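1. Model the structure of this input:
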Amino acid sequence: MYKYRKSDGVEVGPVTGEELLELEKRGVITPSTLIIDGDSKIAYQVLKPLFANSIEQELKKTVTEPPFEKKLDNTNRGRETKWEDAPPRPWRRFFARAFDTWLSLAIFWYFVALSGLAPILFNVLGTISGPSQLLVAFALGTVPTMVLNSILIANTGTTFGKAIFGLRIRSANRGKISISQAMQRELLVLYFGLGLNVPVLNLIASAIRYQQLKKTGVTHWDTELETICLYNNRKYIPYSAIALVITFLIVKALVDLILKLAFPDLKAFL
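-> Numbers count the residues shown, from 1 in each chain. This next block holds a predicted model:
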């Protein structure tokens, strides 16, 4: 027997797995709803396959399917499970976010370099030394990154990085989310998941959210906004390798550009 936690924090139960499946159909719970099993708190989307399999096994004991229908059912099931909400894939999400961040930064700085604002911005960067210079450069690119990601997610459900790594962001009923929801999600990711991109703090925040995702199957921001991250169940290792190479080339081009424009006498790295 289980309990589930409502959006206002109230715990309801006990309920069975079958009852939880029915509650989802009625819209009472969502994939990001926390299910309480003893001392464990796990996202419903992680436990749902267990409930569904349990009911399927019970049905098989009393119903014998004709061979043809069984084969057809397996074919359809393969199509339906192309996109899954469990198990979580933290590293896919990490590399997709990294790719999107560097791509947005590169696009932003290339436009800056071609505009009349370039001399002003690089003069400002020139007055700052050490790690603060890189921190300011990242801060200047944060807003464009959030805006680009929000527009893409609201209209397509994915971003360039997420598309490469087989990820989609959807509402609890698997529909598209609004641009305001997408922007809220980006803000929550920046604050809770990336520690505002402050050095060291961002590593701590990422480690905490990694453990949360592995333990509960859902992130803080998806729980807050009742959104879900869907994973394509096909293997993306070759695409991941290509993405990492592209990311490195983008980073190199970005840093080369900054060094050449801000410090003409300094040889670009590599």
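2. Pull out the CA atoms of stretch 212-222 and give them to me as CSV.
-> Only the C-alpha atoms of stretch 212-222 are listed here, as CSV (Å, rounded to 0.1, in the frame of the first residue of the first chain):
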residue,chain,number,x,y,z
GLN,A,212,17.7,13.8,-6.2
LEU,A,213,17.0,12.7,-9.8
LYS,A,214,18.6,9.3,-9.2
LYS,A,215,16.7,8.7,-5.9
THR,A,216,13.2,10.1,-6.8
GLY,A,217,13.2,10.0,-10.6
VAL,A,218,12.2,13.7,-10.9
THR,A,219,13.8,17.1,-10.5
HIS,A,220,12.7,19.9,-8.2
TRP,A,221,11.7,22.1,-11.1
ASP,A,222,9.6,19.5,-12.8
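3. List of residues touching it?
-> Contact with stretch 212-222 is made by 31-32, 34, 41-43, 45-46, 86-88, 90, 93, 185, 188-189, 192-193, 209, 227-229, as judged by C-beta atoms under 8 Å, 6 or more residues apart in numbering. In short, each C-beta sits where N, CA and C put it, glycine included.
4. Okay, and which of these map to helices?
-> Assignment to helices by DSSP state H places the following of these there: Gln45, Val46, Pro90, Arg93, Arg185, Leu188, Arg209.
5. Report the contact partners of Asn232.
-> For Asn232, the residues meeting the contact criterion (C-beta under 8 Å, 6+ apart) are Lys82, Trp83, Glu84, Gly166, Leu167, Arg168.
6. Could you point out which residue ranges in the stretch 151-270 of the chain have low pLDDT?
-> Per-residue confidence of the stretch 151-270 of the chain (counting by pLDDT under 70) places the weak regions at 235-241, 243-245, 248, 252, 254-270.
7. please redo it, this time with the cut-off set to 50
-> Where the stretch 151-270 of the chain drops to pLDDT under 50, the residues are 265-270.
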